[in-house]
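Visitor: mind looking at a prediction? Sequence and model below.
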Amino acid sequence: GEDVEQSLFLSVREGDSSVINCTYTDSSSTYLYWYKQEPGAGLQLLTYIFSNMDMKQDQRLTVLLNKKDKHLSLRIADTQTGDSAIYFCAEGNQAGTALIFGKGTTLSVSS
Amino acid sequence: SQTIHQWPATLVQPVGSPLSLECTVEGTSNPNLYWYRQAAGRGLQLLFYSVGIGQISSEVPQNLSASRPQDRQFILSSKKLLLSDSGFYLCAWTGAIQETQYFGPGTRLLVL
């Protein structure tokens, strides 16, 4: 079935790079997504990558996609305390009607 | 620009009481609309989605229901709440890019 897996926690020090990893099962998704959820808030679309791309860079964010291994990662350079949040990886379902989300990775940034 | 609203922001309800959560979208027409639930410490679970007025698809069996009386309005309801219905309910709509979803601020529901 369709599934998205993520590690649950990541702890880094301010200024370091953070790498959040995700694996998915359905390779028919046109796009793969990273969402950010701050405490008590809804999900904010952080970035997305077209499934035919290997990499996408957007300021401090770098998304890497290994389609062969069905592995997606989000790298945050120079991580700040404001980056502390839950990060969700998501892919489209086979029917193209909805997104399938991982359980989210809680990123904790210490100063 | 498009915006999505949810209300109420927070709700405390007794077990067995009814529920009505509302979601509205502005600045777009004929969006696909979604209801998700996020239980404490867990990921997002898709509950319902709608591709048009009166068209509702249910993803999981439960005591919740959804309705779409207008193009940009999506309502989540229950006749009798259960303790297990507690959680954070998020509404989302599909944007111009295929599959990309934009989320509302959420409603936190506590059933006691």
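Guide: Happy to help now that I have it.
Visitor: hey, which helix or strand in chain A has the poorest pLDDT?
Guide: Across the helices and strands of chain A, mean confidence by mean pLDDT, DSSP states H and E is lowest for strand A:99-101: a mean of 86.
Visitor: any chance you could list what contacts that strand?
Guide: For strand A:99-101, the surrounding residues in contact (C-beta atoms under 8 Å, 6 or more residues apart in numbering or on different chains) are A:2-4, A:24, A:26, A:33, A:35, A:88-93, B:36, B:43-44, B:46, B:99, B:101. C-beta: built from backbone N, CA, C; applies to glycine.
Visitor: list the buried residues of the following helix or strand past it.
Guide: The C-terminal neighbour of strand A:99-101 among helices and strands, as given by DSSP states H and E, is strand A:105-110. Buried residues in strand A:105-110, counted by 16 or more other C-beta atoms under 10 Å in any protein chain shown: A:T105, A:T106, A:L107, A:V109.
Visitor: any idea what sits nearest whichever residue of chain A sits closest to chain B, other than its immediate chain neighbours?
Guide: Relative to chain B, the nearest point of chain A is A:K103 (3.6 Å; C-beta to the nearest C-beta). Leaving aside its chain neighbours, A:K103 sits nearest to B:G43 (3.6 Å; criterion: C-beta to C-beta, 6 or more residues apart in numbering or on different chains).
Visitor: for the one you found, give its distance to A:I86.
Guide: 9 Å (C-beta to C-beta, to the nearest Å).
Visitor: which residues are common contacts for these two?
Guide: With contacts defined as C-beta under 8 Å, 6+ apart, the residues adjacent to both B:G43 and A:I86 are A:G104.
Visitor: just give the strands next to the least confident helix or strand of chain A in its sheet, each with its orientation.
Guide: strand A:85-92 (antiparallel) (DSSP bridges).
Visitor: so which residues on chain A come close to chain B?
Guide: Residues of chain A lying near chain B by C-beta under 8 Å from any C-beta of the partner chain: A:29-31, A:33, A:35, A:40-45, A:48, A:88, A:92, A:96-104.
Visitor: which among those residues end up buried?
Guide: The neighbour-count criterion (16+ other C-beta under 10 Å) marks A:29, A:31, A:33, A:35, A:41-43, A:45, A:48, A:88, A:92, A:97-104 among these as buried.
Visitor: circling back: next step: the contacts of strand A:99-101 restricted to strands.
Guide: Counting by DSSP state E, the contacts of strand A:99-101 place A:4, A:24, A:33, A:35, A:88-92, B:36, B:44, B:46, B:101 in strands.
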